[in-house]
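*Asks:* this one's sequence-less:
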Ligand code: HEC
Ligand code: HEC
């Protein structure tokens, strides 16, 4: 999302982008700091579950029944008033936007180009999306478009983190496969899978499907030859407010860009500008960690995914570009009596609050001997180096429910080179064409129950957890090879551990 020119002018050029970020927690006294350091230290004992491990989302953890709604509960420690806010947000998250002008008015403004009509169309049951199941159905997955900078001005806006990438001149930053009646969609995403057999050390055969992406039925002429396609499957939103509440110093301190500890793993911080403050902030959300806050992600989704303007992204035409004149000639859905955007506050605030407060589910089977054995394998293979188990959130978090919670997201929220096999070749902010953010793993074991499938990774190419791990390369190659060398019982235990998250 582009930031205003006034802001651009206020930014001092090319200062060290990391300079303003804290490397000390300023929310803890000395006694607390010692306590926190002790409690987040990786465990070395696997004979029983750790204290509080069951409650992976801290006091907000949902302990409700495991069923299709398991990822849709609010943080258990919200106040009664906040529960009501969450429910209003839920209604807006599920709301189907319609094209303008319509008889419902308050739901006007869809598109004109879009990928989904509601947040929930992609964030199915607040869980995970899936790759298209039929030729024309790309819902819950889309392509991001970007090309290398050409002009000095483009380079400068990138270096200043005012934009994360340069869009395609005609199709914009995202490929919209849907449009309002009377307008041509941008086209459709085409995926070709090729099966690649892999044999594990114990002789087990696995087949990985390698995707190739292209576009067809283009509505507005060819893509720029330099434009790259980056497929993105909808991730779950579990615990997003708690992820926001992780103190920035904890992320700064675990980044190891030059691999000084020599473990072959060199996580890098993603950086972006928080549109709310104009300051450089650590990116935490999205597969390339391109967004700093849930609100920034939600405003980007309203604009790019649904074509709805908000105070944070006020253009009612979403991702439609100057070259897409038919799109620009259609009516927008702004209702002057409600505000000057299609989703004015309180809409944006409510949807943001909702997205921040989806509870992490309680672990299942934490004490099961096989789960504990799998947990030990997870640590011994070095998975925990990126999928960092635990944090204690900041005492200064905006919402009291998110403050000073021991949480277990299993992510360092850093960018890692994952090798050519997973590469999309697209630079986004500081993330190179081979880098991805470590996704949190909490709730991953409920994918089958909630979404009825087990498609994983940024584009859903993995059909189960084993395939997801076998795709790891680059900095994670040693861990991947370790996994491929395991005996079957150890592999099964590791998968069982992941399924208990
Ligand atoms: C067309 C499908 C689609 C729609 C509609 C959609 N999303 Fe998303 N959402 C995604 C995808 C794909 C990602 C990952 C984006 C990326 O990596 O670039 C995502 C990421 C997110 C994340 C970050 C999760 C994380 O941990 O990284 C949040 C929060 C989110 N969406 C909220 C929303 C909200 C709020 C809405 C409605 C205003 C919405 N989304 C509408 C597909 C969608
Ligand atoms: C170098 C860092 C790193 C290491 C080490 C690592 N991972 Fe990952 N992991 C990632 C990243 C980054 C992704 C996302 C890749 C993508 O989507 O293309 C990921 C994705 C995953 C996923 C899929 C998550 C999802 O939401 O789709 C699983 C499961 C997983 N890792 C488990 C493991 C296990 C088990 C190990 C140890 C054998 C491991 N990882 C080691 C960085 C790492």
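*Replies:* Sure thing, it's come through. As the structure is a prediction and not an experimental result, all values here were calculated from the model. Ligands and ions are numbered 1, 2, ... in the order given.
*Asks:* hey, let's count contacts and neighbours off CA atoms from now on
*Replies:* Noted.
*Asks:* pLDDT score assigned to residue 132?
*Replies:* Reported pLDDT at residue 132 in the predicted model: 89.
*Asks:* Does it touch residue 122 like I think?
*Replies:* No. Contact criterion CA atoms under 8 Å: residue 132 and residue 122 do not qualify, at 11.4 Å.
*Asks:* more crowded one of the two?
*Replies:* Taking neighbours as other CA atoms under 10 Å, residue 132 and residue 122 compare with residue 122 leading, 25 against 18.
*Asks:* Pull up the overlap in contacts between residue 132 and residue 122.
*Replies:* Listed as contacting both residue 132 and residue 122 by CA atoms under 8 Å, 6 or more residues apart in numbering are 139-141.
*Asks:* tell me which element the residue of the stretch 151-300 of the chain found nearest ligand 2 falls in.
*Replies:* Per CA to the nearest ligand atom, residue 265 is where the stretch 151-300 of the chain lies closest to ligand 2, at 5.5 Å. Take DSSP states H and E as the rule and residue 265 turns out to sit in neither a helix nor a strand.
*Asks:* mind listing what it touches?
*Replies:* By CA under 8 Å, 6+ apart, the residues touching residue 265 are 256, 259, 385-386, 416, 475-476.
*Asks:* what would the residues you listed look like in CSV with secondary structure, distance to ligand 1 and neighbour count?
*Replies:* Listed next are these as CSV, based on DSSP: H, G, I helix; E, B strand; the rest coil; distance: CA to the nearest ligand atom, whole Å; neighbours: other CA atoms under 10 Å:
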residue, secondary structure, distance to ligand 1, neighbour count
256, coil, 22, 17
259, coil, 25, 13
385, helix, 19, 22
386, coil, 16, 24
416, strand, 14, 25
475, helix, 20, 19
476, helix, 20, 24
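*Asks:* out of these, who's nearest residue 157?
*Replies:* Closest approach between the contacts of residue 265 and residue 157, by CA to CA: residue 416, at 23.7 Å.
*Asks:* For residue 111, see how far away the closest one is.
*Replies:* Counting by CA to CA, to the nearest Å, the gap from residue 416 to residue 111 is 34 Å.
*Asks:* Residue 414 now?
*Replies:* According to CA to CA, residue 414 and residue 111 sit 33 Å apart.
*Asks:* ditto for residue 211
*Replies:* Separation of residue 211 from residue 111 (CA to CA): 29 Å.
*Asks:* now do residue 274
*Replies:* Distance, residue 274 to residue 111, by CA to CA: 25 Å.
*Asks:* Could you count how many residues lie near residue 34?
*Replies:* 11.
*Asks:* now the strands for the stretch 51-200 of the chain?
*Replies:* For the stretch 51-200 of the chain, the strands defined by DSSP state E, counting those that start in this stretch occupy 113-114, 141-146, 174-175, 178-179, 188-199.
*Asks:* Looking at the ones you listed, which one is packed in the most?
*Replies:* strand 113-114 (a mean of 28; mean count of other CA atoms under 10 Å).
*Asks:* excluding its backbone neighbours, what's nearest residue 209?
*Replies:* Nearest residue to residue 209, sequence neighbours excluded (CA to CA, 6 or more residues apart in numbering): residue 195, at 4.4 Å.
*Asks:* Next, the contact list for the one you found, please.
*Replies:* Going by CA under 8 Å, 6+ apart, the list of residues near residue 195 reads 207-210.
*Asks:* What's the local residue count around the residue in the stretch 1-150 of the chain positioned nearest to ligand 1?
*Replies:* Nearest residue of the stretch 1-150 of the chain to ligand 1: residue 119, at 3.5 Å (CA to the nearest ligand atom). Counted with other CA under 10 Å, the neighbours of residue 119 add up to 23.
*Asks:* any idea how far it is from ligand 2?
*Replies:* Using CA to the nearest ligand atom, to the nearest Å, residue 119 is found at 19 Å from ligand 2.
*Asks:* likewise residue 470?
*Replies:* Applying CA to the nearest ligand atom, the value for residue 470 to ligand 2 is 8 Å.
*Asks:* Could you pull up the contacting residues of that residue?
*Replies:* Per CA under 8 Å, 6+ apart, neighbours of residue 470: 480, 483-484.
*Asks:* ranking those residues by neighbours, who comes first?
*Replies:* When neighbours are counted by other CA under 10 Å, residue 483 leads those with 23 neighbours.
*Asks:* Contact partners for it?
*Replies:* By CA under 8 Å, 6+ apart, residue 483 lies in contact with 381, 469-470, 491.
*Asks:* Turn these into a markdown table, columns for pLDDT and secondary structure.
*Replies:* Converted to a markdown table, those look like this (pLDDT from 0 to 100; DSSP: H, G, I helix; E, B strand; the rest coil):
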| residue | pLDDT | secondary structure |
| --- | --- | --- |
| 381 | 98 | coil |
| 469 | 98 | helix |
| 470 | 98 | helix |
| 491 | 98 | helix |
